[in-house]
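In: Sharing a model that was predicted from the sequence below.
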Amino acid sequence: MIYKSVDIPNAEYHSHEAISSSGLKYIYETKSVYHYLNREYKEPTEAMELGSATHTAILEPEKFTEEYLITPELDRRKKHGKELYEKYKSQAIEEDKILLRHKNYELIKKMKASVYSYPLAYELLQGIVELSHFALIDEVDVRIRPDIDIPKKQCIVDLKTCNDNSPFGFGQAIYHRNYDLQAYMYCLVKGYPCENFRFIAVENKHPYSTEVYALSEQSIENGRKKFEQALSQWKYYKITGIALMYDYDDMRFTKDGSIML
């Protein structure tokens, strides 16, 4: 299945033309290759940047200070605080680092401490971090970049920050955010049993609890169906060059070609 595994920068991975799980999730969510190809670029939100910083701090702590510049605690509503913040912004640009506010750094430290103090979660961190894999599935080029790969256990681990890591709350996130599609695709590419996939879910608010989750048979089946549906739409586009607006297989039409709802 895998034809190449390489250690490349994140930016190089994301610029590759092979479809990723994020791309397939987008196609599945919108039911449309057309919408995926014409999506608008949006600047990363503070929440997205916080999530990326948390991943680096927990998974690759040795890289954290190389990539991030942390501001001191300051009040940007006041002149001195605003001036000092601008100074740190300029320094971050000069050093090619990402600026991280002090309060967010304190939050990251709490999440990191929670994950590291959970024995099973910490054990699952001991693997290969963010290695890129490229493969051919049903004649379609795909790519994956697991947070953690543990070949000896045939296990892939995905770290998620969330508001609610309760069984109900995170279970809803798995289904509605299509984490099940991602898990199925990752295991398929690596040739691992899906039941070996693990999520580490750490809450981004007090008390910053950590839980570890596996997928049920039903969740795995849901992931398989979502993956195959999105992949078939992407394959159709790659073969024909036609980006369908929607997946029309289950729709009914009137005589004039209107879609019947």
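Out: Received it, and whenever you're ready, just let me know what you need. Please read all numbers here as calculations on a predicted model, not as lab measurements.
In: Tell me which helix or strand comes right after the longest helix belonging to the chain.
Out: In the chain, assigned by DSSP state H, the helix with the most residues is helix 217-240. Beyond helix 217-240 in the direction of the C-terminus, DSSP states H and E gives the next helix or strand as strand 252-253.
In: for the following helix or strand past that following strand, packing partners?
Out: For strand 252-253, the following helix or strand on the C-terminal side (DSSP H and E) is strand 259-260. In terms of contacts (3 or more C-beta pairs under 8 Å, 6 or more residues apart in numbering; DSSP states H and E), strand 259-260 is packed against strand 252-253. For the C-beta atoms, the positions are set from N, CA and C on the backbone; glycine is no exception.
In: Parallel or antiparallel, list what pairs with the strand it packs on.
Out: With DSSP bridges as the criterion, the sheet partners recorded for strand 252-253 are strand 259-260 (antiparallel).
In: now the stretch 151-261 of the chain, which segments are flagged as low pLDDT?
Out: Applying pLDDT under 70 to the stretch 151-261 of the chain picks out residues 247-251, 257.
In: now do 90
Out: Low-confidence segments of the stretch 151-261 of the chain, defined by pLDDT under 90, are located at 242, 244-261.
In: Backbone dihedrals for residue 135, please?
Out: For residue 135, the backbone dihedrals (degrees, to the nearest 10) come out as phi -150, psi 170.
In: show me what contacts it?
Out: Residue 135 sits next to 1-4, 141-144, 189 when contact means C-beta atoms under 8 Å, 6 or more residues apart in numbering.
In: Relative to residue 196, which of those residues is nearest.
Out: For the contacts of residue 135, the closest approach to residue 196 (C-beta to C-beta) belongs to residue 189, at 13.6 Å.
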